[in-house]
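Undergrad: Below are the sequence and a predicted model for it; my questions follow.
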Amino acid sequence: MAKWGEGDPRWIVEERADATNVNNWHWTERDATTWSSDKLKWLLLGLSVEGGEGRCEVTEVSKVEGEASINNRKGKLIFFYEWSLKATWTGETKAGVKTTGTIDVPNLSDENDMEDLDISISLNKDEPETPLTDLMKKLGVEKIREVLGSYVGFLKTEFTQGMILPTANGLTGSSQSRATLDKTRISSSSSTSSSTSSSAPVNTGVKIPTCKFSMREKFLTSPADLYRVFLNQEMTQAFTRAPATVNGEKGGKFRLLEGNVFGEFTELVPDKKIVMKWRYKNWPCEHYSTISMSFWDRSSETELKVECCDVPEEEEERTREGWRRYYFEAIRQTFGYGARLY
């Protein structure tokens with residue numbers, strides 16, 4: 001299945017700068033510890049590998065200890081991070097034998113290259129030997145190294161937005177051409193049958209154009225059954241055909257489609273309404289849309305109305321198509337709630 005669309009958890013910023021220095025000769029520091037801790041959990045939780053031996057998945061991140069910060073000194077960003085991580089993996093062989101083990105990463109640090117990262121895989125005490133251990137030591141370690149490398153990438157891109165303060169002309173030299181390009185992209189985008197507003201990402205304070213739109217679909221099932229599809233982890237994994245994390249309660253978080261879509265349930269009215277914070281992982285840091293789903297009993301079928309607010313204007317068509325393909329059509333095909341002809 002093609003990828004659609006990390007978490008971007010809440011983060012705390014402590015910032016100091018010489019705001020009077022218009023030529024950008026200043027010192028700025030951000031504490032990235034809370035942001036990093038949540039980001040690392042989001043990246044690791046649900047990570048899975050599969051092979052001839054069976055399938056393994058990271059089911060718990062039990063330890064994230066350390067710190068991270070970013071300094072901007074005379075326009076140059078300097079990154080500091082040091083983490084010790086521990087997680088639990090569970091596996092099941094093709095024969096149905098289940099096992100659990102531990103992942104230890106003691107030295108995720110800016111002083112170590114990613115290829116030098118120590119990743120230890122072990123079985124829990126009293127667990128019998130299993131070929132799943134070798135699967136985790138090979139494919140599992142590779143994938144863990146990959147996602148931890150992506151954490152460093154996110155730290156250097158998402159979290160650093162806004163750290164280079166404007167010069168006298170309002171832009172740093174390196175960002176001026178990029179800002180011109182972004183401005184061109186924004187001004188050239190259009191949204192049909194939608195209304196626009198503005199929503200500000202938390203860390204930059206720069207407003208981005210957003211839109212709202214709605215969709216209506218009908219399913220040959222009851223409101224209760226359709227409602228349950230969105231809140232049940234096993235059913236979500238079935239229609240997305242991929243591992244997913246779904247905590248189907250108010251305040252519960254979800255992460256699906258290989259972490260490309262995630263968010264939080266903010267309001268639940270059983271069999272009638274679901275409201276969630278929802279986003280693609282590549283949207284501006286901390287920017288969420290609000291998705292409201294209403295379930296209407298139409299005798300032999302259920303009408304679902306989906307209202308989407310605060311979607312970045314340039315993402316409207318991709319978001320519409322994503323919902324049609326990866327939610328509506330996938331649910332119909334998986335559970336037989338009324339297949340479409342293609």
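TA: That came in fine, so what should we check first? Numbers count the residues shown, from 1 in each chain.
Undergrad: From now on I want contacts and neighbour counts done on CA atoms only, so please keep to that.
TA: Will do.
Undergrad: Strands of the stretch 201-342 of the chain, start to end?
TA: In the stretch 201-342 of the chain, the segments counted as strands under DSSP state E, counting those that start in this stretch are 208-219, 245-246, 253-256, 261-269, 273-280, 289-298, 301-312.
Undergrad: Let's have those in CSV, adding mean neighbour count.
TA: Conversion of the strands of the stretch 201-342 of the chain to CSV gives the following (neighbours: other C-alpha atoms under 10 Å):
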stretch, mean neighbour count
strand 208-219, 17
strand 245-246, 22
strand 253-256, 22
strand 261-269, 20
strand 273-280, 22
strand 289-298, 19
strand 301-312, 21
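Undergrad: Show me what the top strand by length along the chain is packed against.
TA: In terms of residue count, the longest strand belonging to the chain (DSSP state E) is strand 54-73. Under the contact criterion of 3 or more C-alpha pairs under 8 Å, 6 or more residues apart in numbering; DSSP states H and E, the helices and strands touching strand 54-73 comprise strand 27-31, helix 33-44, strand 48-51, strand 76-93, helix 132-135.
Undergrad: so for the fourth one, what's the average pLDDT?
TA: Mean pLDDT, taken over the full extent of strand 76-93, equals 90.
Undergrad: one step back: among the strands of the stretch 201-342 of the chain, which is nearest residue 98?
TA: Across the strands of the stretch 201-342 of the chain, residue 98 has its closest neighbour in strand 245-246 (19.4 Å, C-alpha to C-alpha).
Undergrad: on that earlier part again, list the buried residues in the longest strand of the chain.
TA: The neighbour-count check on strand 54-73 (16 or more other C-alpha atoms under 10 Å) flags 54-61, 63-64, 66-73 as buried.
Undergrad: Do me a favour and average the pLDDT over stretch 50-64.
TA: In this model, stretch 50-64 has an average pLDDT of 91.
Undergrad: low pLDDT regions in the protein?
TA: Across the chain, the ranges flagged by pLDDT under 70 are 1-27, 74-75, 158-207, 339-342.
Undergrad: what bridges to the closest residue to residue 140 other than its chain neighbours?
TA: Setting aside the residues directly before and after it, residue 140 is nearest to residue 49 in space (C-alpha to C-alpha, 6 or more residues apart in numbering), at 6.1 Å. Residue 49 forms beta bridges with residue 56, as assigned by DSSP bridges.
Undergrad: Residue 49 and residue 138 touch, don't they?
TA: No - contact between residue 49 and residue 138 fails when scored by C-alpha atoms under 8 Å: they sit 9.7 Å apart.
Undergrad: Which of the two has more residues huddled nearby?
TA: With neighbours defined as other C-alpha atoms under 10 Å, residue 49 and residue 138 compare such that residue 49 has more, 19 against 13.
Undergrad: tell me the contacts of that one?
TA: Counting by C-alpha atoms under 8 Å, 6 or more residues apart in numbering, residue 49 touches 55, 56, 57, 135, 136, 139, 140, 143.
Undergrad: got these as CSV, with distance to residue 256 columns?
TA: Supplementary listing: those in CSV, determined by distance: C-alpha to C-alpha, whole Å:
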residue, distance to residue 256
55, 18
56, 17
57, 14
135, 23
136, 22
139, 21
140, 19
143, 17
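Undergrad: May I ask you to confirm that residue 154 belongs to a strand?
TA: No - when the secondary structure is assigned by DSSP: H, G, I helix; E, B strand; the rest coil, residue 154 falls in helix instead of a strand.
Undergrad: any idea how far residue 144 is from residue 154?
TA: Spatial separation of residue 154 from residue 144 under the definition C-alpha to C-alpha, to the nearest Å is 15 Å.
Undergrad: Noted, bye for now.
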